[in-house]
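In: Turn this into a model:
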Amino acid sequence: MTAATASETLPEFHIGGRPVGPAHPPLVIAEIGINHEGDPDKAHRMVDDAADAGVECVKFQTHVVEDEMIPNDVVPGNADEPIYAMMRRCALSAEAERELKAHAEERGMIFLSTPFSRAAADRLAALDVAAYKIGSGECNNYPLVRHIAGLGKPVILSTGMNDVASVEPAVEILRAAGVGFALLHCTSVYPTPPELVRLGAMGQLAGAFPDAVLGLSDHTTSIYPCLGAVPLGASVLERHFTSDMSWPGPDIAVSSTPAEFAELVRGSRLIHAALGGTKEILPVEQPTIDFAYACVVTTAPVAAGAELTKDNTWVKRPGTGPIKAVDYERVLGRRATRDLAADRQVDWSDLTDG
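Out: Prediction:
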């Protein structure tokens, strides 16, 4: 579906006062995530840099580690330390998140965060966030999806590492809770090679869940897949964000800079504005028609009673004449009703069949 489709047929929900759906420009989410590495000062700088880039929404990750996981030595593919140690180091306090939310809202942005546990979701509920983001790893964690949906706010659900069959139970939970929701296609590979992005999955999600707002959570190293997702129906575009590509962190390699996010915001809005419509001649094209069309003209003097032929008649600009090039063949073989000078735009009144 495109922005030109009747708005009442399009899925839509609101995050705060911001409508999200195909009838509106895509919501671009700058995922700061844990790129702050546990440093609130870096997090606040990224809030400002995202705001300066024109981003509408910043997203963090809320980790209450003891409620999220047991101690373990599992090392993610995009890191060099165990996930347990990483989250202990990078988790922000409830007060730090409260201050970041206030900062983001002072800059006119939406603050979102991904809760990875019940305790994290409840902390965000206490902050009165406008919506919840659920990560791909929790897409089939139906108990947690049900807990978050029960908090009564819209949900943006990433679907990496899941197929349609495993997304469906989560969607049923969201529908039953009566909350607005978006499904983000995602490939959970860091970075994602372009050939694994699979933008074709957008159509598959649209067919399976016609009531869902769609989007893309992208882990490539450029903004191009996000831009390419817009004409395929993406109303939410999410990428990791960093102020400085030289900073350490497991997600920096798949992050975009403020300058790239500014281009993503501009480009996605332009592409959205260009969607829809039908192939027809627009009234506003008339000034161009006036000079660009060709009309039937004489190429040599034609005496009254003489036949118009390919030797004395052709088609030339401008397009202001009464007989357009499409009717050229209808003119040939007819005779002039009066003397016609060379380079005259021929009128039907100049012609007779006689």
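In: And the strands in the stretch 101-250 of the chain?
Out: Using DSSP state E, counting those that start in this stretch, the strands of the stretch 101-250 of the chain run over 110-115, 132-134, 155-158, 181-186, 213-217, 234-241.
In: JSON lines for those strands, including mean pLDDT, distance to L227 and mean neighbour count?
Out: To be clear about C-beta, it is placed using only N, CA and C from the backbone, and glycine gets the same treatment. As requested, these are exported to JSON lines (pLDDT from 0 to 100; distance: least, C-beta to C-beta, whole Å; neighbours: other C-beta atoms under 10 Å):
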{"stretch": "strand 110-115", "mean pLDDT": "98", "distance to L227": "21", "mean neighbour count": "25"}
{"stretch": "strand 132-134", "mean pLDDT": "98", "distance to L227": "21", "mean neighbour count": "26"}
{"stretch": "strand 155-158", "mean pLDDT": "98", "distance to L227": "19", "mean neighbour count": "26"}
{"stretch": "strand 181-186", "mean pLDDT": "98", "distance to L227": "15", "mean neighbour count": "27"}
{"stretch": "strand 213-217", "mean pLDDT": "98", "distance to L227": "10", "mean neighbour count": "27"}
{"stretch": "strand 234-241", "mean pLDDT": "98", "distance to L227": "8", "mean neighbour count": "26"}
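In: For V315, which of those strands is the nearest?
Out: strand 234-241 (44.7 Å; C-beta to C-beta).
In: Tell me the helix or strand right after that closest one.
Out: Going down the chain from strand 234-241, the next helix or strand is strand 255-256, by DSSP states H and E.
In: to the chain's geometric centre, what's the distance from that following strand?
Out: Its chain's C-alpha centre and that of strand 255-256 lie 16 Å apart, by C-alpha atoms, centre = their mean, to the nearest Å.
In: What of stretch 294-301?
Out: Its chain's average C-alpha position is 49 Å from that of stretch 294-301, according to C-alpha atoms, centre = their mean.
In: if I look at H240, how far off is G150?
Out: Shown here: H240 relative to G150, a distance of 29 Å by C-beta to C-beta, to the nearest Å.
In: confidence score at the closest residue to V171 other than its chain neighbours?
Out: Nearest in space to V171, with sequence neighbours left out and distances taken as C-beta to C-beta, 6 or more residues apart in numbering, is F209 at 5.6 Å. Model confidence at F209, expressed as pLDDT, equals 98.
In: Count residues in the vicinity of F209, would you?
Out: Other residues lying near F209 total 19 when counted by other C-beta atoms under 10 Å.
In: Check the one 10 residues further on too.
Out: By the criterion of other C-beta under 10 Å, H219 has 25 neighbours.
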